[in-house]
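Engineer: Build me a model from this:
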Amino acid sequence: MPDSWLDSDTHRAWLDAEARRLTAFASGAADPRGGFGWLTARGDLDGDRPTQTWITARMTHVFALAHLRGEPGGGALADHGLAALRGPLRDAGHGGWYAGADPADTVKAGYEHAFVVLAAASATAAGRPGAADLLAEALDVVEKRFWDPAEGRCLESWDRTWSDPEPYRGANSNMHMVEAFLAAGDVTGDPVWRQRALGIAERIVHGSAARNGWRLVEHFDAAWRPLLEYNADAPDHPFRPYGSTVGHWLEWSRLLLHLEAGMAEPPGWLLRDAVTLFDRAVEYGWRADGADGFVYTLDWSDRPVVRPRMHWVVAEAILAAAALRRRTGEARFEDWYRTWWDYAARYLLDHRAGSWHHELDAENRPARTVWAGKPDVYHAYQAVLLPRLPLAPVAAVALRAGG
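Structural biologist: You can find the predicted model right below:
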């Protein structure tokens, strides 16, 4: 047996089978009215929830990757998502993208726009019709409305007419802009996007997180001053929880390695910070309350605040361990990679209804306090795909080249 599961034909075959299982489940999210809907735990469309732009964009990204992997039907499903992103989810009058199909919600947020860029970039690499034009438009909107050259980071959100920016800055939306910028840079060949991704990472991780003892700060005011007590009265918010979100430590760890791998002369702090974030996430987040799993959030004294376990955190832990194993060759990362796949197989993979349970309680039983149902497969699908690919270029470009 190979020293690493990453080099094992058996493990790769298992990852391939899990990827097909995930896309089979996710195909049920295609809403005949347009875009991709929110799926229930059973895999049915949740008719009480309007179409969300972030879900549609993430599913479009996944199906573009599935098409590049040779999965029949993936291209048509990616096209279904692109049609919604070019149609009802797009503001034809003022530009940009709504948060979703709810006509009362006209906020235009960086989080959604980051995923529009990612979806368009992956679909462009997959050769889907209209994707390149969508990517160019999305990048133009990000350039004009979200990128702040003075701060080297992105704004959070605007009203529909782009007249009133939200007086809040978020690490989460900027983290996903890093992911989107890496994809945009590799697909378009324009190096400015990778340089901007590096600048965001340097300020949020190498700057703010390092100054805070590597406890990643998530929330800031308009001048990028930390808001450490933000949402203390809503600690389990699905997008802006109080405290520090351990899963983001792991997600940033991986993104720093993707940044490093795509640069001719990367700064040395990228690898050092990636290892530090990973190690701190393991030390403070894994089994923080005595049971297997990562707690959702920690306070600023490293105590668990919200104890439910989110599937996406384990997916990002798997990905960070795989990336660090490939980058360093250290056996300890292989050990964690296996540990977390064993955990996912035991608790998260839902072989009866499909996909992964999105949330578990503190005893690792399916729960729905933060996330109801199974909205998308973006994190889980990347967990079974990216370990097989190089750290650079991004997945869509690597697959297009035969990776």
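
Engineer: my guess is residue 26 is in a strand, correct?
Structural biologist: No - looking at residue 26 with DSSP: H, G, I helix; E, B strand; the rest coil, it is helix, so not inside a strand.

Engineer: Adjust the sequence numbering to begin at 47 for everything that follows.
Structural biologist: All set: I'll call the first residue 47, so the last point we hit is now residue 72.

Engineer: Hmm, it is touching residue 105, no?
Structural biologist: Yes - with contact defined as Cβ atoms under 8 Å, residue 72 counts as touching residue 105 (6.2 Å). The C-beta positions use only the backbone N, C-alpha and C, and glycine is treated the same way.

Engineer: Now do the shared contacts for those two.
Structural biologist: With contacts defined as Cβ atoms under 8 Å, 6 or more residues apart in numbering, the residues shared by residue 72 and residue 105 are 82, 422, 423.

Engineer: Restricted to helices, list these.
Structural biologist: Among the shared contacts of residue 72 and residue 105, none falls in helices (DSSP state H).

Engineer: Dump the helix or strand harbouring residue 108 to CSV, restricted to CA.
Structural biologist: Following DSSP states H and E, one finds residue 108 within helix 99-114. What follows is helix 99-114, C-alpha atoms only, in CSV (Å, rounded to 0.1, in the frame of the first residue of the first chain):
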residue,chain,number,x,y,z
THR,A,99,-27.4,33.3,-6.0
TRP,A,100,-24.6,31.8,-3.9
ILE,A,101,-26.1,28.3,-4.3
THR,A,102,-26.7,28.7,-8.0
ALA,A,103,-23.2,29.9,-8.6
ARG,A,104,-21.6,27.2,-6.4
MET,A,105,-23.6,24.5,-8.1
THR,A,106,-22.6,25.9,-11.5
HIS,A,107,-19.0,25.7,-10.5
VAL,A,108,-19.4,22.1,-9.4
PHE,A,109,-21.1,21.0,-12.6
ALA,A,110,-18.5,22.7,-14.7
LEU,A,111,-15.9,20.7,-12.9
ALA,A,112,-18.0,17.6,-13.3
HIS,A,113,-18.2,18.2,-17.1
LEU,A,114,-14.4,18.7,-17.2
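
Engineer: What is it packed up against?
Structural biologist: helix 55-72, helix 120-132, helix 156-171, helix 424-431, helix 441-446 (3 or more Cβ pairs under 8 Å, 6 or more residues apart in numbering; DSSP states H and E).

Engineer: most tightly surrounded among those?
Structural biologist: helix 156-171 (a mean of 28; mean count of other Cβ atoms under 10 Å).
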